[in-house]
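>>> please work out how this folds:
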Amino acid sequence: MDNSLQKVAAQLRCPDGEDGKALGHIMNMRNLPVIMSGINQLCLSEGDRLLELGYGNGGLLGYILSLANNLHYTGLEFSPLMHQEALAFNHPYIQAGWADYRLYDGVTLPLADASVDKVLTVNTIYFWQQPDALLKEICRVLTVGGLFCVTFCDKAFMAKLPFVEHGFQLYSESEVRALMANSPLKLHTQEHKKDKSISKTGEIVDREFISLVFERTA
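Coordinates of the predicted model:
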């Protein structure tokens with residue numbers, strides 16, 4: 001087994017150490033088109049309570065808070081390193097009461113029922129250990145009529161990357177929609193995009209990514 005590819009995959013799942021810090025900055029920049037697609041699809045409006053699963057180093061919080069008045073942002077993260085980076089980087093927003101960062105176990109959301117209006121997650125679906133349980137939790141904390149955006153790179157594209165055999169679960173659009181079939185989440189809007197990207201192994205690739213927005217209907 002290729003240890004270097006294993007290390008890349010492990011860092012993408014849960015950044016750690018100095019390599020993890022560097023990766024957090026790289027992911028913010030190189031994944032910017034993917035992240036922006038997800039943010040834009042939620043059409044944030046005044047007073048929204050936004051939850052993000054997997055916020056990385058929190059480098060885009062200032063931009064998110066600028067999109068509408070009186071937003072409140074809550075971020076949940078699996079990586080202790082990224083949690084500490086986000087806390088340090090966004091301390092003034094936290095002190096102002098506009099943002100809240102917490103660690104979680106990847107399944108159980110430490111939030112009250114119907115406490116958020118919109119949920120965003122970008123490039124985390126490959127690492128969901130218990131998809132059904134996590135979706136149940138998302139539905140629990142999301143208000144009726146609230147929106148959940150899951151943004152991810154298409155299975156056909158991801159399958160070409162050499163590190164994904166180490167702990168990634170890949171999804172096509174139809175497979176993500178099938179995950180939601182037994183939940184009160186119904187497809188609301190979708191966006192398919194493509195860009196030129198530099199892969200984690202340094203190659204230029206045509207990256208295909210999808211944002212699916214689901215509405216909690218009951």
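>>> beta partners of the closest residue to Ile125 other than its chain neighbours?
Counting by C-beta to C-beta, 6 or more residues apart in numbering, Ile125 lies nearest to Phe152, which is 4.9 Å off, once chain neighbours are set aside. In this view, the C-beta of every residue, glycine as well, is placed from N, C-alpha and C. Counting by DSSP bridges, Phe152 forms beta bridges with Ile210.
>>> which stretches of the protein form helices?
With DSSP state H as the criterion, the chain has helices at 3-13, 17-30, 32-41, 61-65, 80-89, 91-95, 131-141, 155-158, 173-179.
>>> what's the last one in contact with?
With C-beta atoms under 8 Å, 6 or more residues apart in numbering as the contact definition, helix 173-179 has outside contacts at 125, 131-132, 135, 150, 152, 154-155, 171, 187, 190, 192, 210, 212.
>>> same check, this time on the third one
For helix 32-41, contacts defined as C-beta under 8 Å, 6+ apart pick out 28, 60, 63-64, 67, 120-123, 149-151, 153, 189, 191, 193, 195, 197, 207, 209, 211, 213.
>>> only whichever of those residues are buried, select them in ChimeraX.
To isolate the buried members of the contacts of helix 32-41 in ChimeraX, using 16 or more other C-beta atoms under 10 Å:
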select :60,64,67,120,121,122,123,149,150,151,153,197,207,209,211,213
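>>> where does this structure dip in pLDDT?
Along the chain, the parts satisfying pLDDT under 70 run over 1-29, 163, 167, 200-201.
>>> list the contacts for Asn90?
58, 61-62, 99, 101.
>>> scratch that, Ser183
135-136, 139.
>>> look up how far Cys43 lies from it.
Using C-beta to C-beta, to the nearest Å, we find Ser183 at a distance of 22 Å from Cys43.
>>> what's near enough to touch Asp132?
With contact set as C-beta under 8 Å, 6+ apart, Asp132 has these partners: 179, 182.
>>> hmm, try it at 10 Å
Contact analysis of Asp132 by C-beta atoms under 10 Å, 6 or more residues apart in numbering lists 107, 179, 182-183.
>>> ok, now Met158?
Here Met158 is in contact with 123, 126, 152, 164, 168-172, 207-209 (C-beta under 10 Å, 6+ apart).
>>> hmm, which of these are the buried ones?
123, 126, 152, 164, 168, 170-171, 207-209.
>>> stretch 52-68: which residues count as buried?
Applying a neighbour-count criterion of 16+ other C-beta under 10 Å, one finds 52-61, 64-65, 67 buried in stretch 52-68.
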